[in-house]
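sequence and predicted model, in that order:
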Amino acid sequence: MKIEAVKFPYRYMEYEKDFLKNEIRALLPKALLVDKGDRLIIDAVDESDISILKRLTYVQYLIINGEKQYTLQGLMESEDGNQTNRQHTRYSTHGIHEYKGKFNPQIVHYLLNYFNVTEKQKVLDPFNGSGTTILECAHMGIPAVGIDINPMACFIANAKVKSLGIDVTKASEILLLIRNNQNQEREIVSNDSRMEYLLRWIPEDTLLKLECIRNTVTAYEDCYQKFFLMIASDLIREYSNQEPGDLRIRNRFSPFPEQPFFDAFVEHTEKLLNKIRRAQASLNSIQLSNYALNCDIKQDVPNKGELFDVAITSPPYATALPYIDTQRISLVWLNLCSPTDLSTLEASLIGSRELLLGDKSQWKNSFENNTSGLPNEIYSLLNEMNESLTENDGFRKKAVPVLLYRYFSDMKMMFENILSLIKIGGKYALIVGRNKTTLGGHEFFIDTPKLLSIIAKQVGWHLESIFVLQTYKRYGINSKNAINSESLIVLERKS
C-alpha cells in the first residue's frame, strides 16, 4: 500500500525535516520513503500500519485511497478546525500556564515515537518543569512520572494532566458560580505573613477577586480546583505590582492591562475549556494517572525499586532562569511556599544564580579542590574563566565560575541517580542549549551539551548521539545572552 503523509503548512526547521523521516523509520523500518517537499510518499505499508502512522508528529494528515485522515497531532494542533501557518505549542492544556523555559511538546512527541515507547512502558522526566513530557505521554496513553524541586512547576504539571479529565459542562457551571460570587469578598484581612506579602504585591481589588476564586473552588474535586487556580495564577504577574516584563523582582513601571482581571480570567477559562473539549474528542485514551513529584533529583532517588524504560527532559541551563523570582507571588498565593522561604528555594534549584551565605565558602572550597571530581576538560575551562576575572567585573560576574562548578557538580549527581532508575538498554534524552558569558572582557561560550555528555560518560552512561536543533529558541526573554541553538543528547544505559 502507498500512503501520502502531508506536512503541516508551517515552515519546517531542518531538524524537524530530519525528525519526520527518523520517526517513520523507527516506527516502520521496512517502509520506503520519497520526499515530495510538502509531503512524503510512504510505500510498502500494510493496513495494520495506518494506526502507527497516525502517531506521527510532523504530519498533519494522511491520504489513504484518496481519503484524508488526520494524525493525532494534526487534530491536536488544529485550532477550531482551522490550521494556520505557524506551529502550535499551546494545544490541549499545554497553554494553561505560560511557565518560563518550556520546551517544545512536538519534540517530546517525536522522541516517544523515535524510541518506540508503548503504553506498556514508563517514562521519567527528572526536570519536569511545567509538565510537557508527562502531558504528551498522557495524550498517548503512556504512564509517566515527572520530578521537580520547584513546587510551582509540580502544581502546574499536575493541573495540566488532571484538567484533561474534567467534565467541561461542570467546569462551565463552576465558572458561572464564580462569576456570581465575584463581589462577595468585601475586604482583605491582613492577619498573617502570607496576606501581608500578597497585599504588598497585588492590588487589593485584584486580590479580592483571586480570593473569591479560591474560596469558591475549594468545594469541588481536586481536578477542578487545580484547573481554576492555575488559570488565576497565570494572570497574577500581569496584574501585580511586579514588573511583568522582567524575570527578576522589580517594582512595576509599565501600565496595568486595560482589560479587568476578572474579565481576563473568564476569557482565558472559556478558551481553555474549548481546548479541553477538542482534546478529549481527539484522544483515544488519556493517561490521567501521570503525575509530578516534588523532590530534589540531585539528592533523592524517588520510587526506589521502580525502573523506567525512557527518560526525556529539558534540564536548566547553567545560571538558569530565575524560576522562583518569576513565580514568587503565585507560590505564596497558592500556599506552596512561605515568603520567608523563597530565597532558600531559589538557591536550591540546579542552575540557580543564587548562593546562600552559608554555602558560598563551601562551594568556593569545592571549586578550588575539585572535590566533586569533575572531568579535567570542564575543570580547566572553569579555572580559565576564574583566572580571567578582573576588578572591573561585578559581584555577579565574579560568582560565575563557582556557580558553574556547582551546576556541573549537581548535574553529575543527577546523572548518577537517573542511571539507577533506568532499565538496562533504556534511553535518556536531554534537550539543552549552549550559552555564553563575558568575564574580564573575554567572551566564553559554554558548550553545555558537550560538557554534560562528558559528565554522563564519566558516571557510566553511553553517549549515543548529539543532534543540533537549529535556531530553536527555548524562550524569548534575555535573548541578548542566548545562543539560538539547542542540542538533543541521547544516552543509553548499557549495563
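Received it, and whenever you're ready, just let me know what you need. Numbers count the residues shown, from 1 in each chain.

residues near the closest residue to Ile52 other than its chain neighbours, how many?
Nearest residue to Ile52 in three dimensions, chain neighbours excluded: Leu27, at 5.1 Å (Cβ to Cβ, 6 or more residues apart in numbering). Yep, even glycine has a C-beta here, placed from its N, CA and C like the rest. Neighbour count for Leu27, taken as other Cβ atoms under 10 Å: 16.

in what helix or strand does Glu416 lie?
helix 395-419 (DSSP states H and E).

tell me what that helix is packed against?
helix 357-369, helix 376-387, strand 422-439, helix 448-459 (3 or more Cβ pairs under 8 Å, 6 or more residues apart in numbering; DSSP states H and E).

quick one, which of these gets closest to Gln87.
strand 422-439 (15.9 Å; Cβ to Cβ).

what is the mean pLDDT for stretch 44-63?
Average pLDDT, stretch 44-63: 94.

who's in contact with it?
Contact with stretch 44-63 is made by 1-9, 12, 16-17, 19-20, 23-24, 27-28, 30-32, 40, 42, 64, 68-74, 77, 83, 106, 109-110, 113, 140, as judged by Cβ atoms under 8 Å, 6 or more residues apart in numbering.

now do the end-to-end distance for it.
Stretch 44-63 has an end-to-end distance of 15 Å (Cα to Cα, to the nearest Å).

Arg277 looks like it's in a helix, true?
Yes. Counting by DSSP: H, G, I helix; E, B strand; the rest coil, Arg277 is located in a helix.

what's the separation between it and Leu164?
According to Cβ to Cβ, to the nearest Å, Arg277 stands 11 Å off from Leu164.

what's the closest of the helices and strands packed on helix 395-419 to Leu175?
strand 422-439 (35.6 Å).

list the buried residues of stretch 340-356.
Leu342, Leu345, Glu346, Ala347, Ser348, Leu349, Ile350, Gly351, Ser352, Arg353, Glu354, Leu355 (16 or more other Cβ atoms under 10 Å).

again but with stretch 153-170, I slipped
Buried, per 16+ other Cβ under 10 Å, within stretch 153-170: 153-164, 166.

report how many residues lie close to the residue nearest to Gly460 when sequence neighbours are not counted.
Spatially, and ignoring its direct neighbours in sequence, Gly460 is nearest to Leu419 (5.5 Å; Cβ to Cβ, 6+ apart). For Leu419, the count of nearby residues is 17 (other Cβ under 10 Å).

from what I can see Leu419 touches Trp461, true?
Yes. Between Leu419 and Trp461 there is a contact at 6.4 Å, judged by Cβ atoms under 8 Å.

just the residues contacting the helix or strand hosting Asn274, thanks.
Assigned by DSSP H and E, Asn274 belongs to helix 261-282. Contacts to helix 261-282, defined as Cβ under 8 Å, 6+ apart, come from residues 72, 75-76, 78, 80, 91-93, 95-96, 139, 163-164, 166, 168, 171-172, 175, 179, 182, 206, 209, 213, 227-228, 231-232, 234-235, 238-239, 257, 259, 286.

mind listing what Leu389 touches?
Contacts of Leu389 (Cβ under 8 Å, 6+ apart): Lys397, Lys398, Pro401, Leu439, Gly440.

and with 7 Å instead?
By Cβ atoms under 7 Å, 6 or more residues apart in numbering, the residues touching Leu389 are Lys397, Lys398, Leu439, Gly440.

which among the residues you listed end up buried?
The buried subset of the contacts of Leu389 (16+ other Cβ under 10 Å) comprises Lys397, Leu439, Gly440.

TSV for those, including distance to Ser314 and pLDDT?
Listed next are the buried ones among the contacts of Leu389 as TSV, based on distance: Cβ to Cβ, whole Å; pLDDT from 0 to 100:
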residue	distance to Ser314	pLDDT
Lys397	26	91
Leu439	26	94
Gly440	31	94
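
phi first, then psi, for the closest residue to Leu345 other than its chain neighbours.
What sits nearest to Leu345 in space, not counting adjacent residues and going by Cβ to Cβ, 6+ apart, is Ile324, at 5.3 Å. Taking degrees, to the nearest 10, you get phi -70, psi -50 for the backbone angles of Ile324.

could you count how many residues lie near the closest residue to Asn183 other than its chain neighbours?
What sits nearest to Asn183 in space, not counting adjacent residues and going by Cβ to Cβ, 6+ apart, is Cys212, at 7.9 Å. Neighbourhood size, Cys212 [other Cβ under 10 Å]: 19.

my guess is Cys212 meets Asn181, correct?
Yes. Assessed by Cβ atoms under 7 Å, Cys212 is found in contact with Asn181 at 5.5 Å.

returning to what we had before: just the contacts of helix 261-282: which are in strands?
Residues of the contacts of helix 261-282 located in strands (DSSP state E): none.

so which of these are in helices?
72, 75-76, 139, 163, 168, 171-172, 175, 179, 206, 209, 213, 227-228, 231-232, 234-235 (DSSP state H).

and whichever strand or helix holds Leu111 with strand 422-439, angle?
In this structure, Leu111 is located in helix 105-114 according to DSSP H and E. Going by axes from the mean of the first three to the mean of the last three Cα atoms, to 10 degrees, helix 105-114 is angled at 150 degrees with respect to strand 422-439.

tell me the buried residues in stretch 392-403?
Quick answer for stretch 392-403 (16+ other Cβ under 10 Å): Asp393, Lys397, Ala399, Val400, Pro401, Val402, Leu403.

sorry, back to before: filter the ones in helices among the contacts of helix 261-282 down to just the buried residues.
Applying 16+ other Cβ under 10 Å to the ones in helices among the contacts of helix 261-282 flags 72, 75-76, 139, 163, 171, 175, 206, 209, 213, 227-228, 231-232, 234-235 as buried.

could you work out the most separated pair of those residues?
Leu72 and Thr206 (39.0 Å).

where does pLDDT dip in the chain?
Low-confidence segments of the chain (pLDDT under 70): 79-84, 185-186, 189, 302-304, 320, 470-484.

could you rerun that using 80?
For the chain, applying pLDDT under 80 flags the ranges 79-86, 100-102, 183-191, 247-248, 300-305, 319-323, 357-358, 470-485.

pull the CA atoms of the helix or strand harbouring Met195 into PDB?
Element membership of Met195 [criterion: DSSP H and E] is helix 193-201. Presented in PDB, the C-alpha positions along helix 193-201 are these (Å, rounded to 0.1, in the frame of the first residue of the first chain):
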ATOM      1  CA  SER A 193       2.700  37.000  56.700                       C
ATOM      2  CA  ARG A 194       1.200  35.400  53.600                       C
ATOM      3  CA  MET A 195      -1.600  38.000  53.300                       C
ATOM      4  CA  GLU A 196       0.800  40.900  54.200                       C
ATOM      5  CA  TYR A 197       3.100  39.800  51.400                       C
ATOM      6  CA  LEU A 198       0.300  39.400  48.900                       C
ATOM      7  CA  LEU A 199      -1.100  42.900  49.700                       C
ATOM      8  CA  ARG A 200       2.300  44.300  49.000                       C
ATOM      9  CA  TRP A 201       2.400  42.900  45.500                       C
END
